[in-house]
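In: Next one to model:
(one chain, ligands or ions: 2)
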Amino acid sequence: MGEYSALLADSVLRHKAWLAENAARAETQLASKVKSEFIANMSHELRTPLNTVIGFAKLLGEQKERRWQDHEVVEYAELIRDAATHLLAVINDILDISKMQSGKYTLDAREVELDEILHVALESFKTNAVDVGVVLGSKLESDLPVVKGDSAKLRQIFSNLISNAIRFTPPGGSVTVEARTLPDGGAAVSVRDTGVGMTREEIAVALTPFAQVDASLSRWREGAGLGLPIAKALVQLHGGQFEIRSAKSLGTEVAVTLPSRFDVSAANGETVHADGHGDKR
Ligand SMILES: Nc1ncnc2c1ncn2[C@@H]1O[C@H](COP(=O)(O)OP(=O)(O)O)[C@@H](O)[C@H]1O
Ligand SMILES: [Mg+2]
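Out: Ligands and ions are numbered 1, 2, ... in the order given. Below is the predicted model of the structure:
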C-alpha cells in the first residue's frame, strides 16, 4: 500500500510537472506569436512615416537642380512635419503600453476637476466635429466631483474616446459626452456615438494592444491602434472601470467610471497591466 501511494504521488507529481511545462510552452508560443505580429505591424507603422520624412527631405535637398517653388517647399515641409509628428505619437504609445504591461507606469495623481477636463477635451474637438458634419454635444451634470487622477492622462483618455467617436461616425450623426456623479462620490462618464459600431469580436480585437493594426491598409495617419488599450489601462490605473457597448451600424458607447477621490485604493500603489489584469504591489 505504501508503495502504491508512493507511485501515485510520483505520477501526480509528474502529471503536474507536465501540465506546468505545457502551460509554459503555450504561453511562450503565444508571446512569440504576438511578438512577431507586433514586429511586422510596427515596422509598417514606423517605416511608412519615416519613408515620407526621408523622401521629402531628399527632394528638398535637391533644390539646386529642381528649383522648387515656395508653395512646394512649404507643402513638403508640412508633409515631413505631419509624418514626424505621427511617428512621435506612435513611438510614445508603444513606450507607454510597454511600460504599462511591465507594471512600470506611474500616475502623477492629484485632485482634478473632472468638469474642467471634459470641457477642455470637448472644446478641442469642436471644429473637427463641425468639419466632418458630426454634432458634438454634452450632458454634464453640474457639480461633477473632484477626482483623484493624473490630469494629462485623464485628458488623453477622453480625447482618445471623443476622437474615435467622431472618426467612426458618418456625417449627420452625433457624439454625446455625458457625465454624472455616482452615489459613492465617484463619477461616470460616457462617450456615445451613432456611428458604425463594432461587433463583440471587433471590440475584443480593438482592446488588444497591436492586434488591430492592419499592415495591409495604409492608414498611418489614424494612429497605431493603441488608443483604446491605452485608454482602458489608464482608466484601470486610476482605479476605475472601462466598458465598451456597441452594436454594428447603431453606434458605440464607451462607459468609464472613476472612483471618488476619497477612495484610498484609487490610483494608489496599484499596478495594472494593459491586458486588464490588475494586481496590488
Ligand atoms: N467609437 C467607435 N466606433 C466604431 N469603431 C471604433 C470606435 N472606437 C474604436 N473603434 C475601432 O477600434 C479600433 C481601435 O481604436 P483605437 O485603439 O483608438 O486605435 P486607432 O484610433 O488608432 O484606430 C479602431 O480602428 C476602430 O476599428
Ligand atoms: Mg483612436
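
In: Tell me who's in contact with the closest residue to residue 196 other than its chain neighbours.
Out: Closest residue to residue 196 apart from its sequence neighbours, by Cβ to Cβ, 6 or more residues apart in numbering: residue 168 at 5.0 Å. Placement of C-beta: from N, CA and C, glycine included. Residues in contact with residue 168, defined by Cβ atoms under 8 Å, 6 or more residues apart in numbering, are 193, 195, 196, 252.

In: Check residue 244 too.
Out: Per Cβ under 8 Å, 6+ apart, neighbours of residue 244: 198, 203, 206, 207, 228, 252, 253, 254, 255.

In: Could you show which parts of this structure are in contact with ligand 2?
Out: Neighbours of ligand 2 within the chain, by Cβ under 5 Å from the ion: 164, 227.

In: Please see if the helix ranked longest in the chain touches ligand 1.
Out: The residue-count maximum for a helix in the chain (DSSP state H) belongs to helix 2-61. No: contact of helix 2-61 with ligand 1 (Cβ under 6 Å from any ligand atom) is absent, the minimum separation being 9.7 Å.

In: Start the count at 56 instead of 1 going forward.
Out: Got it, first residue is 56 now, which makes that one helix 57-116.

In: right, and the helix or strand after that helix?
Out: Where DSSP states H and E defines the elements, the next helix or strand beyond helix 57-116 is helix 118-121.

In: ok, and what's touching that following helix?
Out: Outside helix 118-121, the residues that touch it by Cβ under 8 Å, 6+ apart are 114, 128.

In: relative to helix 57-116, how tilted is the helix or strand just after it?
Out: On the C-terminal side of helix 118-121, the closest following helix or strand by DSSP H and E is helix 125-156. Orientation of helix 125-156 against helix 57-116 (axes from the mean of the first three to the mean of the last three Cα atoms, to 10 degrees) gives an angle of 170 degrees.

In: Report the mean per-residue pLDDT for helix 125-156.
Out: On average, the pLDDT along helix 125-156 is 92.

In: what pLDDT does the residue nearest to residue 251 get?
Out: Reported pLDDT for residue 223: 95.

In: Would you pull up the residue in the protein closest to ligand 2?
Out: Across the chain, no residue is closer to ligand 2 than residue 282, which sits at 2.9 Å (Cβ to the ion).

In: List the backbone torsions phi and psi for that residue.
Out: phi -60, psi -50 (degrees, to the nearest 10).

In: just residue 197 next, same as before
Out: Torsion angles at residue 197 (phi, psi; degrees, to the nearest 10) stand at phi -80, psi 160.

In: how much space between it and residue 247?
Out: Distance of residue 197 to residue 247, given as Cβ to Cβ, to the nearest Å: 20 Å.

In: Equivalent analysis for residue 129, please.
Out: Residue 129 is 40 Å from residue 247, by Cβ to Cβ.

In: Please identify which of those two sits among more neighbours.
Out: Using other Cβ atoms under 10 Å as the criterion, residue 129 and residue 247 rank with residue 247 on top: 20 against 11.

In: so the more buried one sits right up against residue 306, yeah?
Out: Yes: here residue 247 reaches residue 306: they are 6.7 Å apart, a contact under Cβ atoms under 8 Å.
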